[in-house]
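**Student:** Turn this into a model:
(one chain, ligands or ions: 1)
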Amino acid sequence: MARLLAFGGSLRRDSWNQKLVRIAAGGARSAGAEVTEIALRDYPLPVFDQDLEVEAGLPESALRLKELFRSHDGLLLACPEYNSSITAALKNTIDWVSRRAPGEEPLACFSGKVAVLMSASPGALGGLRGLVHVRAILGNIRVLVLPDQVAVSGAHEAFQENGALKDPQRQAAVENLGRELARVTARLHG
Ligand SMILES: Cc1cc2nc3c(=O)[nH]c(=O)nc-3n(C[C@H](O)[C@H](O)[C@H](O)COP(=O)(O)O)c2cc1C
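**Tutor:** Just a heads-up that it's a prediction; the model follows:
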């Protein structure tokens, strides 16, 4: 069974991306995966500062996130686009989680994981440009990022009250991302 960690790269309470990742998580569960959904706002982190790391070590939130990454085989990531790129919150999370605990192999929290990416934005491109950067970053830290992705444009009017997307084809496409991640991760890690 695939163990997947799901979160949006936003700290916003009513994040569209957090809603979107929940849909993909549903798809993954329907394919037999065990999914842990978290929100980054529950893991507050200072901006990464190497002096702070040397003086105080990893913050408690970073240690909790590292444990979550270590104990899951795949990542469902919904990534908001800020100024056509990755959000500071997501990059900061990656930076803290990438730091080695004593005795840990380099990139132990990322190496060999499988990820699928999606995005949502009120804009016309749905955050598509930011995914290019997230994909590159994750690939460079040894995460296998699946080729399929979905960018939901017009996010402010795309969701129903119950959290599903109004467009059934988009809903199915996002659920399929979750299913595909569950399938590939189970094949690689099962
Ligand atoms: C600093 C900043 C930069 C943004 N840049 C973009 C952008 O380049 N492209 C885009 O589609 N939306 C951009 N937006 C709008 C976000 O897509 C929007 O705030 C969205 O709600 C963020 O995702 P969330 O709802 O998951 O927090 C930007 C928002 C902020 C605050």
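**Student:** In terms of helix, strand or coil, where does Q149 fall?
**Tutor:** strand (DSSP: H, G, I helix; E, B strand; the rest coil).
**Student:** OK, contacts around it?
**Tutor:** 116-119, 131, 135, 177 (CB atoms under 8 Å, 6 or more residues apart in numbering). Backbone N, C-alpha and C define where each C-beta goes, glycine included.
**Student:** at 10 Å what do you get?
**Tutor:** Q149 makes contact with 77, 79, 115-119, 128, 131-132, 134-135, 173-174, 177, according to CB atoms under 10 Å, 6 or more residues apart in numbering.
**Student:** filter the residues you listed to the buried ones?
**Tutor:** 77, 79, 115-119, 128, 131, 134-135, 173-174, 177 (16 or more other CB atoms under 10 Å).
**Student:** and these, which of them are in helices?
**Tutor:** 128, 131, 134-135, 173-174, 177 (DSSP state H).
**Student:** For this structure, just list every one of the helices.
**Tutor:** 16-30, 50-56, 60-70, 88-97, 128-140, 168-189.
**Student:** which one among the contacts of Q149 gets closest to A155?
**Tutor:** S119 (8.8 Å; CB to CB).
**Student:** Hmm, the closest one is touching H133, no?
**Tutor:** No: using CB atoms under 10 Å as the test, S119 is too far from H133 to be in contact (11.1 Å).
**Student:** shared neighbours, those two?
**Tutor:** 79, 81.
**Student:** which parts of the protein sit against the ligand?
**Tutor:** 8, 10, 12, 15-17, 80-84, 121-123, 125, 127 (CB under 6 Å from any ligand atom).
**Student:** so where's this structure uncertain?
**Tutor:** The model of the chain has no residue with pLDDT under 70.
**Student:** list the contacts for G103?
**Tutor:** G103 neighbours (CB under 10 Å, 6+ apart): none.
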